[in-house]
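Q: Pasting a predicted model and its sequence here:
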Amino acid sequence: MARPKMHLGFDFSYSHMGGRWRLPGSWPGRIFPDVTMYEDIARIAERGLLDMIFSGDGTGVPDTWRGSRDAAVEWGVNWPRQDLNPIMVAMSRVTRHIGYGLTYSSTFMHPYYTARLMNSLDHLTGGRIAMNLVTSTRRSDAANFGFDELMEHGARYDRMEEFTDVCRKLWDATEADAMLWDHASGRVGDPRKVHGVRHHGRFFNVEGPLNTPPSPQGRPVLIQAGGSPRGIRASAHVADHVFGADMALPLQIKQRQALDAALADLGRDPSAVGILWQTPIVVAETDAAAQAQRNLLLTAIPPEAVGAYLSYNSGYDFSTLPERFSLQDLHAEIVASNASPAGFVHELAVKLGAGTTITRAEFFEHGLRNATSYDTTIAGTAAQLADRLEEVFEATGSRGGFMLGHIVSLPGDLQAIVDLLVPELQRRGRFRTAYGGRTLRENLLDS
Ligand SMILES: Cc1cc2nc3c(=O)[nH]c(=O)nc-3n(C[C@H](O)[C@H](O)[C@H](O)COP(=O)(O)O)c2cc1C
């Protein structure tokens, strides 16, 4: 029997951030946001038959650290960024098969606008678009959308579920064969196949329908990221595929089990929903070369910038930490502040023990390795990495695959994935040798 195949995305979100832009070999001769760099990335990723190119997003200038944006601007802490929708359009025009995953926040966006945009992108890419929905944890993002404070964690997921319901109603309101474009009669569409939506909910009132023709995939592939118990329940409601965090394997297994239970509760088939695990990765011809490349991450951001990175990632201002504190207390404070209960402090508490007390200096030392993704980056030869990916894939139910990313430098490290890791996975029968589907949804269903 054929072995279940993995799906591979490539997340380029951080290619110019986290100090990576200045590492050897990075952005050769180019500066963010030069679109020709992104076009090259798209061509390389498609040469490797990857399922999709993906990016996360954030819309504000981080100001969690000391309540100021200065550190973000000075050290490039998740700044600057751009709306990647036009960039992905450019990438899609130099490729034919690979899909594109764009991230939007259901906490801030309006579903009518987003559903309409996704419809247009699905047309433009010939059915290669995915939408990744996130709830947002950052005040700097919220402040740009008219919120004085961040919506409560559970309410953000309530809104995400309703947001998705509205989008689905909008995408489904116009039947797939509604368009006529009949030259002889002049009839453009069939009114019997275009329906109202009339959604009246807690967060949204939307009459519908969209004023767009039905798109190749009907709906974009829906991805969702969020790992708390409420986030996982939302995954079951929202997602075709889940974007999972790069946690320790036991936590990944736990998320897979929780997701399976949540899917079953909703009457959905757990075997149809994959998790694409966020996987920072460096592959090279030799282990030594891969380790040397990974070590560059420790030089990417200066020590002064670490607190700003951690604070942004956790949505909590670590500049206020006392000289010594308990991880448990800190975690409780983070939860109380409506930031994510998952994340760095939670992981550190799992690693060192929740009861551990730690000094500020020790916290930031661990933090450097976290902020740069050094700790979570797996590095090695293609065979070593394929072993590791197979282990995670099998332990988490042989569904979905990996969102490779957080690499050290582009384009070289993506080229290495395509030239070394992909052939190794193909040799093991774990990855496609040609695109089988017409749309991204079809390619993600290859098994
Ligand atoms: C793998 C992963 C990727 C994420 N990417 C983004 C992102 O690009 N932009 C964003 O605003 N939030 C992002 N988030 C944050 C989530 O949407 C969510 O707000 C956060 O994880 C807190 O929810 P939780 O407590 O359910 O995990 C991401 C989360 C995960 C786990």
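A: Cool, got the structure. Residues are numbered from 1 along each chain as shown.

Q: Next, count neighbours for the nearest residue to residue 7 once chain neighbours are set aside.
A: Nearest non-adjacent residue to residue 7, counting by Cβ to Cβ, 6 or more residues apart in numbering: residue 401, 3.7 Å away. Backbone N, C-alpha and C define where each C-beta goes, glycine included. Residues within reach of residue 401, counting by other Cβ atoms under 10 Å, total 28.

Q: Phi first, then psi, for residue 401.
A: phi 160, psi -130 (degrees, to the nearest 10).

Q: Please name the residues that touch it.
A: 5-9, 51, 274, 276-277, 393 (Cβ atoms under 8 Å, 6 or more residues apart in numbering).

Q: do that again at 6 Å, thanks
A: Contacts for residue 401 (Cβ atoms under 6 Å, 6 or more residues apart in numbering) come out as 6-8, 276.

Q: Now, those that are in strands?
A: 7-8, 276 (DSSP state E).

Q: For these, which single residue is the most surrounded?
A: residue 276 (28 neighbours).

Q: ok, and the closest non-adjacent residue to it?
A: Residue 276's closest residue in space is residue 403 (Cβ to Cβ, 6+ apart), at 4.5 Å.

Q: quick one: which of the ones in strands among the contacts of residue 401 is nearest to the ligand?
A: residue 276 (8.8 Å; Cβ to the nearest ligand atom).

Q: Within the helices and strands, which one has residue 107?
A: Counting by DSSP states H and E, there is no helix or strand that carries residue 107.

Q: Which pLDDT value does the model give the spatially closest residue to it that is not a sequence neighbour?
A: The shortest distance from residue 107 to any non-neighbouring residue, by Cβ to Cβ, 6+ apart, is to residue 136 (4.6 Å). Looking at residue 136, its pLDDT is 82.

Q: One more: residue 339?
A: So residue 339 comes in at 68 (pLDDT).

Q: Does residue 343 touch residue 312 like I think?
A: No - counting by Cβ atoms under 6 Å, residue 343 stays clear of residue 312, with 11.0 Å between them.

Q: The residue nearest to residue 276 should be in a helix, yeah?
A: No - assessed with DSSP: H, G, I helix; E, B strand; the rest coil, residue 403 is strand; it does not lie in a helix.

Q: Neighbours of it, how many?
A: 31.

Q: Columns pLDDT on top of the contacts of residue 401, output as CSV?
A: CSV is the format used below for those (pLDDT from 0 to 100):
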residue, pLDDT
6, 98
7, 98
8, 98
276, 98
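
Q: Kindly report the residues of the stretch 51-200 of the chain close to the ligand.
A: 56-58, 103, 105, 134-137 (Cβ under 6 Å from any ligand atom).

Q: Nearest to the ligand, out of the residues you listed: which one, please.
A: Nearest to the ligand among these, with distances taken as Cβ to the nearest ligand atom, is residue 56, at 2.3 Å.

Q: Secondary structure class of that closest one, three-state.
A: coil.

Q: ok, it touching residue 104?
A: No - in this structure residue 56 lies outside contact range of residue 104 using Cβ under 6 Å: 10.4 Å.

Q: And the pLDDT for residue 342?
A: So residue 342 comes in at 70 (pLDDT).

Q: how close does it get to residue 410?
A: 27 Å (Cβ to Cβ, to the nearest Å).

Q: circling back to that earlier point, correct me, but the residue nearest to residue 276 touches residue 9?
A: Yes - taking contacts as Cβ under 6 Å, residue 403 lies within contact range of residue 9: 4.4 Å.

Q: Any figure for the gap between residue 349 and residue 77?
A: Taken as Cβ to Cβ, the span from residue 349 to residue 77 is 24 Å.

Q: ditto for residue 18
A: 8 Å.

Q: and which of the residues of the stretch 51-200 of the chain next to the ligand is nearest residue 123?
A: Nearest to residue 123 among those: residue 103, at 20.0 Å, using Cβ to Cβ.

Q: ok, that closest one to residue 312 distance?
A: The value you get for residue 103 to residue 312, if Cβ to Cβ is used, is 16 Å.

Q: of these two, who's got more company?
A: It is residue 312, of residue 103 and residue 312, that has more neighbours when counted by other Cβ under 10 Å, with 27 against 20.

Q: any idea how far the nearest residue in space to that one that is not next to it in sequence is from the ligand?
A: Spatial nearest neighbour of residue 312, excluding adjacent residues (Cβ to Cβ, 6+ apart): residue 62 at 4.0 Å. Computed as Cβ to the nearest ligand atom, to the nearest Å, the residue 62 to the ligand distance reads 11 Å.

Q: can you list the domains in this protein?
A: 7-300+376-445, 302-371 (automatic domain parsing).

Q: Please name the bridge partners of the residue nearest to residue 276.
A: residue 9, residue 278 (DSSP bridges).

Q: contacting residues around it?
A: Residue 403 neighbours (Cβ under 6 Å, 6+ apart): 9, 11, 276, 278.

Q: and the second one, what is it in contact with?
A: Shown here is residue 11, whose contacts under the criterion Cβ under 6 Å, 6+ apart are 54, 403, 405.

Q: what about 7 Å?
A: By Cβ atoms under 7 Å, 6 or more residues apart in numbering, the contact set of residue 11 is 54-56, 278, 403-405.

Q: out of everything not next to it in sequence, what's closest to it?
A: Residue 11 sits nearest to residue 405 (Cβ to Cβ, 6+ apart), 3.2 Å away.

Q: per-residue confidence for that neighbour?
A: At residue 405, pLDDT is 96.

Q: what number of residues lie near it?
A: Residue 405 has 25 nearby residues by other Cβ under 10 Å.

Q: ok, it - contacts?
A: 10-14, 278, 280.

Q: Tell me the first helix or strand C-terminal of the helix or strand harbouring residue 366.
A: Taking DSSP H and E as the criterion, residue 366 maps to helix 360-371. Sequence-wise, the next helix or strand downstream of helix 360-371 (DSSP H and E) is strand 378-380.
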